[in-house]
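Enquirer: how would this look folded up:
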Amino acid sequence: MAGALTPDAQFIKSLERIGVHDPVCLIYKDRTEQLATVIPFFLIGLERGEQCIYLARDNPPEMIWTALRDWEIDVDHCQKTQAVVSMGFDSFLSGGRLNQAGGNAEFHHLSAALDAAVESAQQKGFTAVRLAIEMTGILRPGSGITRVRETLAHLQHFITTHAILCLSQFDRNCVDPEIILDVIYTHPTVVTNGWVCQNFYYIPPADFVTPNPVSREIDRILQNLGTHQQILDDLLKSEEKYRLLLERQTDLICGFNPDGTLTYVNKAYCDYFHMKKEELIGLNFMTFLPEEDQHRMREHLRQFSPDQPIRSIQHRTILPDGLVRWQHWTDQAIFNRDGTLIEFQSVGRDITEQKQTEEALKESETKYRTLFESSNDGIFLIQEDRFVDCNPPGGGIVRPAAGRDSRPDTRRVFASLPTRWGIFAREIPPAGPSGRGKPTSIFRMAASPPRWHGF
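Expert: Predicted coordinates for the structure are as follows:
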């Protein structure tokens, strides 16, 4: 998408929630913001089998083709199949033959043209019409439009009763502020500054023809105030429930800035470090790490990106009493809409016992591998009647009988050995609590009289 502004994933998801019969307005400040909404809006329509129509009034119709190419869309295919149509507003109204009839008449003619467009699209196999229309020129001072709210409300009513969804575009720099206010009042969904907003100030079309519009507006405002307050109360309750949930977790939970400064710790975190929350907030958690682990942690934090926001790490931690413990952390990076890193949210647990067990196992393996390799007798590991490992003396004993087979059959090898070799075996049960499965056997071979040394 060379030269194009890339919207974030949340913005795309919000656009995807817009469906047929939904009237939406875009209030933008520049061409980049305009196209960053229009093009994703069309791409969603193409995926859904809708015909996308762009009506240009202030820009040449070719602008949309250039923008689609910037997004690496096959424009030739779109034009051939008429999946995307771009034309001037007057051409859409059959050459602008009602231009002299006044702006309101032009809107009525637009409804008739849209009705024909929906019928034509459905005959061609499209599921609906997805319309993006430049409204700025239509509503400029001197355009002849009167009673703007009522006119826009009639257009919204048409959209809600036909297989069409409409993105009306308004350049805030060119449209009178009072008209922009009317636009906001007449659209249930407003797109602006990279946000798809459900409009608290929306006035349903029926309210424009009510006998007492002022009284209805008062009712709506009071209702919106109550709804807004209810949402705030619900958010506070949800935040409190979330906070209690975090506090009751036995895992260590914290939040910190990109530089490592702690911004939140739960009770388990405080208990682990034997410190109060007030003492921890504002402290850099890096101070708890040995210097070597600090370098690893900084490198770890540099690896996060919007495409890879979750990573894990294990490191040592020095407690206030000097005790060194091991921890495993899963960190999630939080980015804003511009892709800038804001903070980290992390969940951790103590893995000291696990690390001690792994270290003991490693020492045991090293010890017995040394015994295995240094023995003068031949020692073998056999599983499912096949050799899986042997020490150097063992290889010298069985290699002549094994030939080139990398995992020779034990019965064939043992049957071919001289009788002076004594063979002693001990079975090792498979790992796991049930002890089920096929065991591994350790064989020791030595000259007679043989003696088992124990494993």
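
Enquirer: name all residues that make contact with the residue lying closest to Gly125 once chain neighbours are set aside.
Expert: Of all residues not flanking Gly125 in the chain, Gly49 sits nearest, at 7.8 Å (Cβ to Cβ, 6 or more residues apart in numbering). Glycine gets a C-beta too; all of them are placed from N, C-alpha and C. Applying Cβ atoms under 8 Å, 6 or more residues apart in numbering to Gly49 gives the contacts Gly125, Phe126, Thr127.

Enquirer: give me the distance from the top helix by length along the chain to the chain's centre.
Expert: Of all segments of type helix in the chain, defined using DSSP state H, the longest is helix 213-248. Distance of helix 213-248 from its chain centroid, counting by Cα atoms, centre = their mean, to the nearest Å, is 27 Å.

Enquirer: and that helix, which residues are buried?
Expert: Within helix 213-248, the residues scored as buried using 16 or more other Cβ atoms under 10 Å are Arg216, Arg220, Leu246.

Enquirer: might one say that the first one is in contact with Pro205?
Expert: No - between Arg216 and Pro205 there is no contact, the gap being 12.0 Å when judged by Cβ atoms under 8 Å.

Enquirer: quick check: neighbours shared by those two?
Expert: Joint contacts of Arg216 and Pro205 (Cβ under 8 Å, 6+ apart) do not exist.

Enquirer: could I get the contacts of Gly49 as a markdown table with pLDDT, secondary structure and distance to Ile133?
Expert: Formatted as a markdown table, the contacts of Gly49 follow (pLDDT from 0 to 100; DSSP: H, G, I helix; E, B strand; the rest coil; distance: Cβ to Cβ, whole Å):
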| residue | pLDDT | secondary structure | distance to Ile133 |
| --- | --- | --- | --- |
| Gly125 | 94 | coil | 23 |
| Phe126 | 95 | coil | 17 |
| Thr127 | 94 | coil | 19 |
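
Enquirer: which one of those residues has the most neighbours?
Expert: Phe126 (21 neighbours; other Cβ atoms under 10 Å).

Enquirer: hmm, Leu167 and Thr37 touching each other?
Expert: Yes - counting by Cβ under 8 Å, Leu167 is a contact partner of Thr37 at 7.3 Å.

Enquirer: tell me, what's touching those two both at once?
Expert: Common contacts of Thr37 and Leu167 (Cβ under 8 Å, 6+ apart): Leu26, Val191.

Enquirer: the helix or strand containing Thr330: which residues count as buried?
Expert: For Thr330, the host element (DSSP states H and E) is strand 324-335. Buried residues in strand 324-335, counting neighbours by 16+ other Cβ under 10 Å, are found at Trp326, Gln327, His328, Trp329, Asp331, Ala333.

Enquirer: tell me the contacts of the residue nearest to His300 when sequence neighbours are not counted?
Expert: Nearest residue to His300 in three dimensions, chain neighbours excluded: Ile313, at 4.8 Å (Cβ to Cβ, 6+ apart). Residues in contact with Ile313 (Cβ under 8 Å, 6+ apart) are Arg296, Met297, His300, His328, Trp329, Asp331.

Enquirer: so after the strand holding Thr330, what's the next helix or strand?
Expert: strand 341-350.

Enquirer: walk me through which strands that following strand pairs with, and which way each runs.
Expert: With DSSP bridges as the test, strand 341-350 is paired with strand 252-256 (antiparallel), strand 324-335 (antiparallel).

Enquirer: so for the longest one, mean pLDDT?
Expert: Confidence over strand 324-335, taken as the mean pLDDT, stands at 94.

Enquirer: how far does that strand sit from its chain's centre?
Expert: Remark: strand 324-335 is offset 20 Å from the chain centroid, using Cα atoms, centre = their mean.

Enquirer: and what of stretch 324-340?
Expert: Taking Cα atoms, centre = their mean, one finds stretch 324-340 lying 15 Å from the centre of the chain it belongs to.

Enquirer: what about stretch 202-212, start to end distance?
Expert: Start and end residues of stretch 202-212 are separated by 17 Å (Cα to Cα, to the nearest Å).

Enquirer: tell me the mean pLDDT over it?
Expert: Averaged across stretch 202-212, pLDDT comes to 72.

Enquirer: try stretch 365-374
Expert: The model assigns stretch 365-374 a mean pLDDT of 75.

Enquirer: cool, and stretch 278-298?
Expert: For stretch 278-298, the per-residue pLDDT averages 94.

Enquirer: and what of stretch 377-393?
Expert: Per-residue pLDDT over stretch 377-393 has a mean of 71.

Enquirer: where does pLDDT dip in this protein?
Expert: Along the chain, segments meeting pLDDT under 70 span 1-7, 94-108, 137-150, 206, 208-210, 382-388, 396-455.

Enquirer: redo that, cut-off 50
Expert: By pLDDT under 50, the low-scoring segments of the chain are 1-4, 95-103, 144-146, 419-439, 447-455.

Enquirer: let me see the domain layout of it.
Expert: Listed by automatic domain parsing, the domain ranges of the chain are 9-209, 249-350, 373-447.

Enquirer: switch these over to JSON lines; also include distance to Ser364.
Expert: Shown next, in JSON lines, are the domains of the chain (distance: least, Cβ to Cβ, whole Å):
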{"stretch": "domain 9-209", "distance to Ser364": "49"}
{"stretch": "domain 249-350", "distance to Ser364": "19"}
{"stretch": "domain 373-447", "distance to Ser364": "14"}
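
Enquirer: most tightly surrounded among those domains?
Expert: Compared across the domains of the chain, domain 9-209 shows the largest average neighbour count, a mean of 17 (mean count of other Cβ atoms under 10 Å).

Enquirer: give me the distance from it to the chain's centre.
Expert: When distances are taken as Cα atoms, centre = their mean, domain 9-209 is centred 29 Å away from the chain's centroid.

Enquirer: Leu262 bridge partners, please.
Expert: On the basis of DSSP bridges, Leu262 is bridged to Phe256.

Enquirer: do Gln327 as well
Expert: His315, Asp350.

Enquirer: check Pro23 too.
Expert: Cys166.

Enquirer: dump the residue contacts of it.
Expert: Pro23 makes contact with Leu155, Gln156, Ile159, Thr160, Leu165, Cys166, Ser168, His187, Pro188, Thr189 under the criterion Cβ under 8 Å, 6+ apart.

Enquirer: okay then, goodbye and thanks.
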